[in-house]
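> next comes the sequence, and after it the predicted model I'd like to discuss.
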Amino acid sequence: MGLPDASEDLSSEMEVDAFRRLFPLRYFERHLSESIRPDARPLGRARDTTLALGAVASAHGSALAKIGSTTMLAAIKMEVMTPSTESPDEGSIAIDFHMPPICSPIVRPGRPAEAAPVISKQLSDTISRQVKSFLCYPFLLNSGMINLKELSLVSGKAAWMAYLDIYCLDADGALFDAALLSAVAAFSHLQIPIVSLNDDGKIELISEEDDGAKLEVEPVNKEKRKLTLSSIPFSLTCILHKNYILADPTAEEESIMETAVTVVLDSSSRLVSFYKPGGPVLAHTSAVQDCVALTRQRVKELQNILDETLSGMEID
Amino acid sequence: MESERDDGRSPSQLRPLSCARNVLHRAHGSASWSQGDTKVLAAVYGPKAGTKKNENPEKACIEVIWKPKTGQIGKQEKEFEMILKRTLQSICILTLNPNTTTSIIVQVVNDDGALLVCAINAACAALIDAGIPLKHLAVAICCCLAEGGYVILDPTKLEEQKMRGFAYLVFPNSVVSVLPKGSSRVEGEPMEHGIITSVTHGVMSVEEYLKCLERGRAASTKLSDLLRRSLQSQLPSDSSKAV
């Protein structure tokens, strides 16, 4: 075949764009050997990340997260439901991840994206490990970010159901990272609506207008309008290629170098997930530790971004 | 203190394994794999001509279809399908049969814990039975982290529910052939110590995860020896199928 040799010879005389398209792997490896990536980032650095809260006015909590050009819009809608008999004083969370055709040329209209249910499942594992999955692994331990007991209104009668929907607006790699960030931000922005018990013993919403002015009925959840988020999870996806570790890959990098590792750590540096679905490169202990170290740094960055965004909102 | 398990096993003892190949005569390759009461049946069809859309036609395409014991497939099964597909892609030599699709159908017969692990092992044995070219085998193991911080292997469903966290780990099997010096070692570690796939649930510290890895590696070495023996002993009967 002699293909790699051919590309070596051609690289000096071919235009950069043509070389990139014809020999993508070679093109990337040339950059990596100089410890730089085509978008001028060092290997271990993530893309610029921005976060905006309250992007959807009609939702009870929402956030727009951008990592590079990967964009995720998360919104939470709260509804009152009757809790299940097994856990009468717990609410629940339903997480759905959508990849509409606008997000990527790979997703075709009418055909759901393959990645969407997988990311959706990963998210619900990470955010509320108490959500009972289809196979019924009841993670009864309170290790999740949200204490589902806080979502309870009247034990056995009424509890909150939080519908979290995440829309991918632009899929440019590291989808899970951006989706998790937007979900976490939406939960920090969440304002639980005030409800009261009416005469029939049913829960009804109190609209914002007559809040405070004339309250003939006592609200049930006057104090509990914010969720306390304990140990917030943050994640970083890395690409393993030969001995290189590339943090926060773009879609192009993900398609060329196939071994991805997603590490999720919570704010107290515990490992929530170490996710490596196959891939031609094997992760040895040193690579595992390097990925965790990179994620530790990234968790600090993301925590700062989240704190800044939240404090910025309080000033307004 | 290491507590006794319900079924009297020691923490790093696996349940009785059994593997039978060539169990379905219409499939190109098939295997049934059971670990205790967890049992999975895998069938391989292919390589068939052509690849699906969005797949690279220059490589062989692997397609995994997960059939649960009852009901429709949900998100959980979709995730299993994806993990299985990526894991098998990494052990197959994909450049050998470009522009073909190999389908692997995984039927869950009974789930009593460590289901994904069982499915990976079954699929791997079925690929061998079908004669699909592989780089090496994938040896899957489930490590559980119990409350006291100790690691137990191959949990039953009941144990899985009581655990603080668990990790599904897949390692390559050990290579016995003579390789040029250094080629199979990466940074002082033998090739079979690298992780092909890792899926974890539940919160654990990084040290605990590394401990799981260590235990998993030790068990996978034993498992891969067992696999090698069981697959070799069945080889003569295969010649009838090759006609």
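Alright, I've got the coordinates. Numbering: from 1, shown residues only, chains lettered A, B, ... in the order given.
> wait, residue B:164 touches residue B:145, no?
Yes. Using C-beta atoms under 8 Å as the test, residue B:164 is close enough to residue B:145 to be in contact (5.1 Å). Backbone N, C-alpha and C define where each C-beta goes, glycine included.
> show me the common contact partners of those two, please.
Here residue B:164 and residue B:145 have B:202, B:204 as joint contacts, going by C-beta atoms under 8 Å, 6 or more residues apart in numbering or on different chains.
> give me the more crowded residue out of those two.
Counting neighbours by other C-beta atoms under 10 Å in any protein chain shown for residue B:164 and for residue B:145 shows that residue B:145 has the greater number, 24 against 18.
> which residues does the more buried one bridge with?
Counting by DSSP bridges, residue B:145 forms beta bridges with residue B:151, residue B:165.
> OK, contacts around it?
Residue B:145 is in contact with B:151, B:163-167, B:202, B:204, B:208, B:212, counting by C-beta under 8 Å, 6+ apart.
> and if you look at residue B:83?
A:277-278, B:116, B:197, B:199 are the contacts of residue B:83 under C-beta under 8 Å, 6+ apart.
> how many neighbours does residue A:25 have?
By the criterion of other C-beta under 10 Å, residue A:25 has 12 neighbours.
> still on that earlier bit, now, which of the contacts of residue B:83 lie within strands?
B:197, B:199 (DSSP state E).
> would you turn the contacts of residue B:83 into CSV with neighbour count?
Below are the contacts of residue B:83 laid out as CSV (neighbours: other C-beta atoms under 10 Å in any protein chain shown):
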residue, neighbour count
A:277, 23
A:278, 25
B:116, 23
B:197, 25
B:199, 23
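> need the worst-confidence member of the contacts of residue B:83.
Lowest pLDDT among the contacts of residue B:83: residue A:278, with 85.
> for it, which non-adjacent residue is closest in space?
residue B:86 (3.0 Å; C-beta to C-beta, 6 or more residues apart in numbering or on different chains).
> that neighbour belongs to a helix?
Yes. The assignment for residue B:86, made by DSSP: H, G, I helix; E, B strand; the rest coil, places it in a helix.
> longest helix in the chain, please.
Went with chain A since none was named. helix A:285-315 (DSSP state H).
> that's the wrong chain, I wanted chain B
Under DSSP H, chain B gives helix B:206-233 as its longest helix.
> need the max-distance pair from the contacts of residue B:145.
Farthest-apart pair in the contacts of residue B:145 is B:151 and B:202; separation 12.8 Å (C-beta to C-beta).
> coming back round to it: number of nearby residues for the residue nearest to residue A:278?
Neighbour tally, residue B:86, other C-beta under 10 Å: 21.
> list the residues that contact it.
A:277-279, B:197.
> so for it, what's the pLDDT?
92.
> residue A:217 too?
Looking at residue A:217, its pLDDT reads 59.
> next one: the one 5 residues further on
Residue A:222 carries a pLDDT value of 64.
> now do residue A:9
Confidence score, pLDDT, at residue A:9: 60.
> and residue B:179, by the same measure?
The predicted local distance difference test score for residue B:179 is 59.
> buried ones in the longest helix of chain B, by neighbour count?
B:206, B:208-213, B:215-217, B:219-221, B:223-224, B:227, B:231 (16 or more other C-beta atoms under 10 Å in any protein chain shown).
> of the residues you listed, list those near chain A.
Residues of the buried residues of helix B:206-233 in contact with chain A (C-beta under 8 Å from any C-beta of the partner chain): B:206, B:208-210, B:213.
> show me where the chain dips below the pLDDT cut-off.
I'll assume chain A. Residue ranges of chain A with pLDDT under 70: A:1-12, A:128-144, A:201, A:206-224, A:315-316.
> wait, chain B was what I had in mind.
Using pLDDT under 70, chain B drops low at B:1-3, B:176-189, B:233-243.
> of all of it, which residue lies closest to chain A?
Ranked by C-beta to the nearest C-beta, the top residue of chain B for proximity to chain A is residue B:194, at 2.5 Å.
> that residue: how many residues sit nearby?
Residues lying near residue B:194 (other C-beta under 10 Å) number 19.
> same check on residue A:123?
22.
> what does residue A:158 give?
For residue A:158, using other C-beta under 10 Å, the count is 19.
> nearest spatial neighbour of it, chain-adjacent residues omitted?
residue A:203 (4.7 Å).
> for that neighbour, grab phi and psi.
phi -90, psi 130 (degrees, to the nearest 10).
> residue A:204 and residue A:198 touch, don't they?
Yes. With contact defined as C-beta under 8 Å, residue A:204 counts as touching residue A:198 (5.2 Å).
> between the two, which has more neighbouring residues?
residue A:204 (13 against 10).
> now do the contacts for the more buried one.
A:195-196, A:198.
> same thing but at 6 Å, please
Contact analysis of residue A:204 by C-beta atoms under 6 Å, 6 or more residues apart in numbering or on different chains lists residue A:198.
> wait, which of the contacts of residue B:145 is closest to residue B:41?
Using C-beta to C-beta, the contacts of residue B:145 come closest to residue B:41 at residue B:166, 23.7 Å.
> what about that closest one, neighbour count?
By other C-beta under 10 Å, neighbour count at residue B:166 equals 25.
> pull the distance from stretch B:193-212 to the chain's centre.
Stretch B:193-212 has its average C-alpha position 16 Å from the chain's average C-alpha position, going by C-alpha atoms, centre = their mean, to the nearest Å.
> I misspoke; the intended subject was stretch B:146-153.
Distance, centroid of stretch B:146-153 to centroid of chain: 22 Å (C-alpha atoms, centre = their mean).
> ditto for stretch B:89-98
Centroid separation for stretch B:89-98 versus its chain: 17 Å, with C-alpha atoms, centre = their mean.
> now stretch B:141-154
18 Å.
> now the end-to-end length of that stretch.
7 Å (C-alpha to C-alpha, to the nearest Å).
> hang on, the earlier thing: how about the contacts made by the residue of chain B closest to chain A?
Residue B:194 neighbours (C-beta under 6 Å, 6+ apart): A:282-284.
> what are the boundaries of the strands in the chain?
Just so you know, I chose chain A. For chain A, applying DSSP E gives strands covering A:49-53, A:61-67, A:70-81, A:92-98, A:152-154, A:158-170, A:195-197, A:203-205, A:233-241, A:244-247, A:259-266, A:271-275.
> switch to chain B, that's the one I care about
Using DSSP E, the strands assigned to chain B run over residues B:17-21, B:29-35, B:38-49, B:61-67, B:100-110, B:138-145, B:151-153, B:165-172, B:185-186, B:189-190, B:197-201.
> need the contact list for the closest residue to chain B within the stretch 201-316 of chain A.
At 2.5 Å from chain B, residue A:282 is the closest residue in the stretch 201-316 of chain A, using C-beta to the nearest C-beta. By C-beta under 6 Å, 6+ apart, the contact list for residue A:282 reads residue B:194.
> could I get the contacting residues of residue B:38?
Residue B:38 touches B:111-112, B:114-115, B:118, counting by C-beta under 6 Å, 6+ apart.
> from residue B:204, how far off is it?
Computed as C-beta to C-beta, to the nearest Å, the residue B:38 to residue B:204 distance reads 23 Å.
> kindly report the residues of chain B close to chain A.
B:54, B:74-76, B:78-79, B:82-83, B:86-87, B:89-90, B:186-187, B:189, B:194-198, B:200, B:203-206, B:209 (C-beta under 6 Å from any C-beta of the partner chain).
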